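>>> sequence and predicted structure are below.
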2 protein chains.
Amino acid sequence: MKEIKIGLIGWGTVGAGVTRILQKNSALISRRLGARLRLVRVADLNLKRDRGMKLAPGILTRDAARIIEDPEIDIVVELIGGLDPAEGMVISSLRGGKRVVTANKALLAERGKTLFREAGQVRRRIFFEASVGGGIPIIKIIREGLSANRISSILGIINGTTNYILTRMSEEGITLAAAVRGAKKAGYAEKNPALDLEGIDSAHKLALLSSLAFGGWADFSRIYREGINEITDEDIAYTAGLGYTIKLLAVAKQSPSGADLRVHPTLVPRRHLLSAVNGIFNAVYLEGDFSKSQIFQGEGAGQGPTASAVVADLMEAGREILSGNDSTPPFIATDRDLKLAPIGEVVCRHYLRIPVIDRPGVLARIASILGAGGISIDSVIQRQRYKRGLVPVILMTNQAREKALQTALDKISHLEVVRGTPVRIRVED
Amino acid sequence: MKEIKIGLIGWGTVGAGVTRILQKNSALISRRLGARLRLVRVADLNLKRDRGMKLAPGILTRDAARIIEDPEIDIVVELIGGLDPAEGMVISSLRGGKRVVTANKALLAERGKTLFREAGQVRRRIFFEASVGGGIPIIKIIREGLSANRISSILGIINGTTNYILTRMSEEGITLAAAVRGAKKAGYAEKNPALDLEGIDSAHKLALLSSLAFGGWADFSRIYREGINEITDEDIAYTAGLGYTIKLLAVAKQSPSGADLRVHPTLVPRRHLLSAVNGIFNAVYLEGDFSKSQIFQGEGAGQGPTASAVVADLMEAGREILSGNDSTPPFIATDRDLKLAPIGEVVCRHYLRIPVIDRPGVLARIASILGAGGISIDSVIQRQRYKRGLVPVILMTNQAREKALQTALDKISHLEVVRGTPVRIRVED
């Protein structure tokens, strides 16, 4: 039976999952692939840490160059994360004729244009199923399963950490800070969870999904992004009462003014399939012109699911090697940029919570500013006295253009009766 | 740009969807594939019917042989359904060196062993994404996306017609007969819906999914099967009150006594993701040893979604042709049979509704028969007088072996106080 030789750089949580799958499911993988995936070298700076498993002697090394420069190795798995030195390792591996499998969404979203071009030039693919959606084969689904369709929209819950935090806030009524502490304790948030909380990780993934689906390169740095740092238990409670769940959504829609790409906390009505995606689960909702609406859901993080995606890529790369084929069309478009719609043009409904002094006529003044901006009010939901003599005016608007809403909100926040910053959360119906 | 030539046999609903996609998304498909998919001939016995679209002159023919025997054609799409003459067409096409794309689950489930072997011998693949799950790329997901995993269980709602019927019964409280009439009216059920109602279509699909997932050929004729013909509005109402939804589930589980494959109406707790899969939607829930639980959901029937899967297969076959590669490992195992677990060994909880004469001591007699069979009762839910002086005794059992439950039910149904046939529905927790 043929052998395909693999070198793994970065033996952390996911890396240990990969080595475990290659050991445990070795026979099954060989049967399905028609060849053996043989792990010949694993590089990590930390040789001591207990990963709960053993590698054959001589496999572990501190020196990644022993993988990248080994002409015998067919596929390099890059699992160290971050931009550097990962980028250099990927480029050297490709130039050395190797296929590359990676879970590094930051690297691909921020430097992918260069990397995928390089891959195209040397006719070696970069496989990145594990970079989005954990174990859900969402890259393959978009690229191959739905390849006959013009995808019009993608809605994703693609960051397990923030979804876990929002779920706990929603189910237990706890504050953001408490939920973040809980997520760290449970191992679902890193010590510094900024990449997750600020929506950067979701935006990285959204850049990849939309580049694939919309056929042009999505510039990550221009994706509109709001994290969950401003979400309060109060707004979760109010919006729950209105029949909504707050999710950090990654949104990509084809719109007349370009691709509308954004990541922000979003009110999802409880009847929407995405509203029931809880905890560390990820889900991607897709609409195609023929496939219609579909949703794919699974565990979005953690050792097993992500490693499952890495090994699926190893098998895919393996099939390519066995077939002797290097000439697949570009995996992702780098030859043209996706035109992005300005955030100001986005139209949606909005939830507003405006802390005001409890005084007659306040609502009329707010309504008149909104009305002057062409924003109509769907409903004024609640108005009960709460802390420090203030009352929250809670409004749901009808469809309104972002720009108009923002202008009106600025005016409202300068009203003398308004105390504190109005809260605004977009609604996805 | 290279051209791949396609012949389509069977220009019905799905066929018309395929020709529509190839026209409408032609540019997008060419860009993604790196080659043009050109429809050179369409065969159908009915040349007159209006499909709402036009084909170029000379493409339409009544003679399928003009496709099968044309050496210029690379891929044959078989969409006539049924066993014959479809089987012969597929075999002739393969022998003529063509790839075959089909949506024909009946043909593949009942005669697939021969067909896939033939395909292996002539090194031409049969592509069948459209045969299961409409537009959901579930074949690709199992075969490639989750290929690193040992799949332990599959739960599927894979027949849109019955799901539509059960949803309407559940939402509107109507009878089965009324819901079937409604489904016919809406175009979701055929004039003779027996294949759907009796679970045969679901069993065809389950045979394919489990053959793929479990790595052995599943003998369709030995899959345990119950349809929805016995489901009453009464049981839907009772079980709804208990927090369950009735779904026609296709179940495949690895068990110590073999592959446990079955299709039957099933109580799904309302918190389970599958309970919210309504109308013509299909969904497949999968558990892998590393990927953990995932669910894939989309429209399971209809022109667009099924045609989307056919064209995805055309593109996949196209990529294979472009790469010059004929040597992929077997698409589906035909060299060994899946050992099936006898239905008698299946263990699950059961809902029982037993119509009895309202008389003291009746419940005790039923409970004692169950107890003697080693079946413990989880709860006796409801006991209110209803029609003709009878009361329904409604029970939920704890986990019980099928064989024991069946024996007990036989005894119970012969009790003098029991009038009519006891109803039993399995529960999937």
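Thanks, I have the structure now.
>>> and stretch A:249-262, which residues are buried?
For stretch A:249-262, a neighbour-count test (16 or more other C-beta atoms under 10 Å in any protein chain shown) marks A:L249, A:A250, A:V251, A:A252, A:K253, A:Q254, A:G258, A:A259, A:D260, A:L261, A:R262 as buried. To be clear about C-beta, it is placed using only N, CA and C from the backbone, and glycine gets the same treatment.
>>> mind giving me the domain ranges of chain A?
Chain A resolves into domains spanning A:3-134+A:303-323, A:138-299, A:346-427 when parsed by automatic domain parsing.
>>> pull the most distant pair out of the buried residues of stretch A:249-262.
Farthest pair in these (C-beta to C-beta) is A:L249 and A:G258. Separation: 18.9 Å.
>>> strands along the stretch 101-250 of chain A, start to end?
Per DSSP state E, counting those that start in this stretch, the stretch 101-250 of chain A carries strands over the ranges A:126-127, A:151-157, A:224-225, A:244-255.
>>> would you confirm that A:K292 contacts B:G300?
No: under the criterion of C-beta atoms under 8 Å, A:K292 makes no contact with B:G300, lying 10.4 Å away.
>>> which neighbours do the two have in common?
B:G135 (C-beta atoms under 8 Å, 6 or more residues apart in numbering or on different chains).
>>> and the two? Which one has more around it.
Each of A:K292 and B:G300 has its neighbours counted (other C-beta atoms under 10 Å in any protein chain shown); B:G300 has more, 29 against 18.
>>> still on that earlier bit, make CSV from the domains of chain A and add mean pLDDT to it.
Output for the domains of chain A, formatted as CSV (pLDDT from 0 to 100):
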stretch, mean pLDDT
domain A:3-134+A:303-323, 96
domain A:138-299, 96
domain A:346-427, 91
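>>> take these and write them to CSV, including distance to B:P305.
Output for those, formatted as CSV (distance: least, C-beta to C-beta, whole Å):
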stretch, distance to B:P305
domain A:3-134+A:303-323, 21
domain A:138-299, 5
domain A:346-427, 27
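>>> columns distance to chain B on top of the ones you listed, output as TSV?
Below are the domains of chain A laid out as TSV (distance: least, C-beta to the nearest C-beta, whole Å):
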stretch	distance to chain B
domain A:3-134+A:303-323	3
domain A:138-299	3
domain A:346-427	21
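>>> these: which one's closest to B:T407?
Among these, domain A:3-134+A:303-323 comes nearest to B:T407, with 37.8 Å by C-beta to C-beta.
>>> hey, where'd the helices end up in the stretch 101-250 of chain A?
Counting by DSSP state H, counting those that start in this stretch, the stretch 101-250 of chain A has helices at residues A:105-122, A:138-140, A:160-172, A:176-185, A:194-197, A:200-214, A:233-241.
>>> among the ones you listed, which is nearest B:I223?
helix A:138-140 (28.5 Å).
>>> rebuild the strands of the stretch 101-250 of chain A as TSV, extending it with distance to A:A408.
Listed next are those as TSV, based on distance: least, C-beta to C-beta, whole Å:
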stretch	distance to A:A408
strand A:126-127	45
strand A:151-157	26
strand A:224-225	19
strand A:244-255	21
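>>> wait, which of the ones you listed is closest to B:V101?
B:V101 sits nearest to strand A:151-157 of all the strands of the stretch 101-250 of chain A, at 21.8 Å, using C-beta to C-beta.
>>> restrict the closest one to CA atoms and write it as PDB.
Output in PDB follows, covering the C-alpha atoms of strand A:151-157 (Å, rounded to 0.1, in the frame of the first residue of the first chain):
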ATOM      1  CA  ILE A 151     -24.800  32.000  -3.000                       C
ATOM      2  CA  SER A 152     -26.700  35.100  -2.000                       C
ATOM      3  CA  SER A 153     -26.200  35.000   1.700                       C
ATOM      4  CA  ILE A 154     -24.300  33.400   4.500                       C
ATOM      5  CA  LEU A 155     -25.100  33.800   8.200                       C
ATOM      6  CA  GLY A 156     -22.700  32.200  10.600                       C
ATOM      7  CA  ILE A 157     -22.200  31.600  14.200                       C
END
